[in-house]
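Student: Compute the structure for the input listed below.
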Amino acid sequence: MAASMWKKIRSSVSRDNLYRLVFDPQLAIFSMCALLIAEIAVNILVINKIKYTEIDWKAYMQEVEGVVNGTYDYIKLRGDTGPLVYPAGFVYIYLALYYITGYGHNIRLGQYLFAGLYVLSLVVLFDIYRRTNKVPPYVFLFMCCASYRIHSIYVLRLFNDPVAMFFMYLAVNFFLRDKWGIGCLMYSLGVSIKMNLLLFSPAVLMLLMVRFGTLKTIWYLTICAAPQVVLAVPFLLENPVGYILMSFNFGRQFFYMWTVNWRLIPEELFHSKYFQSALLISHVTVLILFFLFKWRRLYPGVNFSLWMKESNTTLSPNQILLPLFTANLIGMSFSRSLHYQFYVWYFHTLHYLLWSTAQPSIVNILVLGVIELCWNTYPSTILSSSLLHMCHAVMLYGLWFSPDYTPMGKKKTTAKVN
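Tutor: Numbers count the residues shown, from 1 in each chain. As a prediction, the model looks like this:
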């Protein structure tokens, strides 16, 4: 009798622990460790079993080879896919890869380096997520092994987008640790590789103002600006106008054939300046609306003005992540064009954003699945583009009514994980 009762108790405890390992965000560390090990195996398998596809690697190598040969005029730096259009940080990163991979010829070594970058990125992301206590452990399976497109971007294409995002997530991690100086430095280094990180900048500016007030924010903005100048010195000395025009060209046109999000409109409208202006206005408008009616609720007692005072308290993870990741999603939603490698710009933030809404988990999983389907549809179709916009709209609607903006939600944001 006693033995039977003990067996039932032990079985119950076992089931309870198993349930918590799957659904309890506070125990997510166990699934994270298991997934990191799995990802090492998955990346090795992908590299050895799936054929590498040449898209931009050769062009990257040609562009930095121009610098090796003594060309510092950005207008003259080109590859097979066109002129060099990334800031100076890109040149230094891919110059290092140029030498490490035997002048770009040892592509397999480059793939393993990007596999290492992928795993390191997950380590940083998992550290970010464990601090939120918001996302159930089972969700990380969708973040890791379930996305073919993300693995492709990293180890089958060797794009610069994952490199820039690695620095972005490093910056976010330092922000969470209240180390804003080094966080701003990491953010600036990321922008120097690819300027898509500027989509986070409205939220970064707001967070600096909330945490440090106006005067100290000027200092942190200086930290953000300084690397851009220092890294660009050789190119600025040669042709400053050419460098600025090429590396920070906000008016650059995209090819309709590669668009993921705007296949539902005619190509003529896609290239229209009026359409692009409308997108920019919509982008700015939604940012302002979120700031005025949502983000400010995260910081009770803060008096928002041009001249703000420094806060004596550190910001909670949700007070930092929710505006940052939402600002980036808004930018993606109103982007003039999204190419397939741009998926990595927001993929790893989708899970946090979806579980910041009040939507049922099944709806969140469905949204993740449809988004993955849209980004894996090549070439994009009217249906895939339309579904992608619908998913973005569902997410923004859910975030607008996020519990974090309610009084009860605010209480949750004060919890910190050390």
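Student: Tell me how far residue 333 lies from residue 393.
Tutor: With distances defined as C-beta to C-beta, to the nearest Å, the gap from residue 333 to residue 393 amounts to 8 Å. C-betas here are computed from N, CA, C, even on glycine.
Student: I'd like to check which residues are in contact with residue 170.
Tutor: Contacts were defined as C-beta atoms under 8 Å, 6 or more residues apart in numbering; by that measure residue 170 touches 124, 183, 186, 190.
Student: Please report the number of neighbouring residues for the closest residue to residue 35 other than its chain neighbours.
Tutor: The spatially closest residue to residue 35, leaving aside those adjacent along the chain, is residue 144, at 4.7 Å (C-beta to C-beta, 6 or more residues apart in numbering). As a burial measure, the neighbour count of residue 144 was computed by other C-beta atoms under 10 Å and equals 22.
Student: how far away is residue 395 from residue 330?
Tutor: Residue 395 sits 10 Å away from residue 330 when distances are taken as C-beta to C-beta.
Student: Flag the shaky bits of the stretch 151-300 of the chain, pLDDT-wise.
Tutor: Counting by pLDDT under 70, the stretch 151-300 of the chain shows low-confidence ranges at 251.
Student: go with 80
Tutor: Where the stretch 151-300 of the chain drops to pLDDT under 80, the residues are 249-253.
Student: how about the helices in it?
Tutor: Under the criterion DSSP state H, counting those that start in this stretch, helices of the stretch 151-300 of the chain are mapped to 161-176, 180-191, 201-238, 240-247, 267-270, 273-293.
Student: quick check: angle from the first one to helix 201-238?
Tutor: Orientation of helix 161-176 against helix 201-238 (axes from the mean of the first three to the mean of the last three C-alpha atoms, to 10 degrees) gives an angle of 120 degrees.
Student: Could I get the phi/psi values of the residue nearest to residue 134 when sequence neighbours are not counted?
Tutor: With sequence-adjacent residues excluded and distances taken as C-beta to C-beta, 6+ apart, residue 134 is closest to residue 355, at 5.4 Å. Backbone torsions of residue 355, given as degrees, to the nearest 10, read phi -80, psi 10.
Student: so residue 355 makes contact with residue 365?
Tutor: No: checked against C-beta atoms under 8 Å, the pair residue 355 and residue 365 is beyond contact range at 10.4 Å.
Student: Between the two, which has more neighbouring residues?
Tutor: Neighbour totals were compared for residue 355 and residue 365, and residue 355 leads with 18 against 15 (other C-beta under 10 Å).
Student: who's in contact with the more buried one?
Tutor: When contacts are counted by C-beta under 8 Å, 6+ apart, residue 355 touches 134, 135, 136, 139, 361, 364.
Student: now the fourth one: how far from residue 84?
Tutor: What that stands for is residue 139. In this structure, residue 139 and residue 84 are 38 Å apart, going by C-beta to C-beta.
Student: If you count surrounding residues, which of the two has more?
Tutor: Each of residue 139 and residue 84 has its neighbours counted (other C-beta under 10 Å); residue 84 has more, 28 against 24.
Student: Tell me who's in contact with the more buried one.
Tutor: The neighbourhood of residue 84, defined by C-beta under 8 Å, 6+ apart, consists of 63, 66, 74, 77, 78, 90, 91, 246, 247.
Student: Show the pLDDT at it.
Tutor: We have a pLDDT of 95 for residue 84.
Student: and it, how far is that from residue 384?
Tutor: Going from residue 84 to residue 384 by C-beta to C-beta gives 31 Å.
Student: Repeat that for residue 376.
Tutor: Residue 376 sits 9 Å away from residue 384 when distances are taken as C-beta to C-beta.
Student: higher neighbour count, the two?
Tutor: When residue 376 and residue 384 are compared for neighbours, residue 384 comes out ahead with 20 against 15, by other C-beta under 10 Å.
Student: leaving aside the residues next to it on the chain, what's closest to the more buried one?
Tutor: Here the nearest residue to residue 384 in space, its sequence neighbours aside, is residue 377; by C-beta to C-beta, 6+ apart that works out to 4.0 Å.
Student: swap in residue 154?
Tutor: Sequence neighbours aside, residue 118 is the residue nearest to residue 154 in space, at 4.5 Å (criterion: C-beta to C-beta, 6+ apart).
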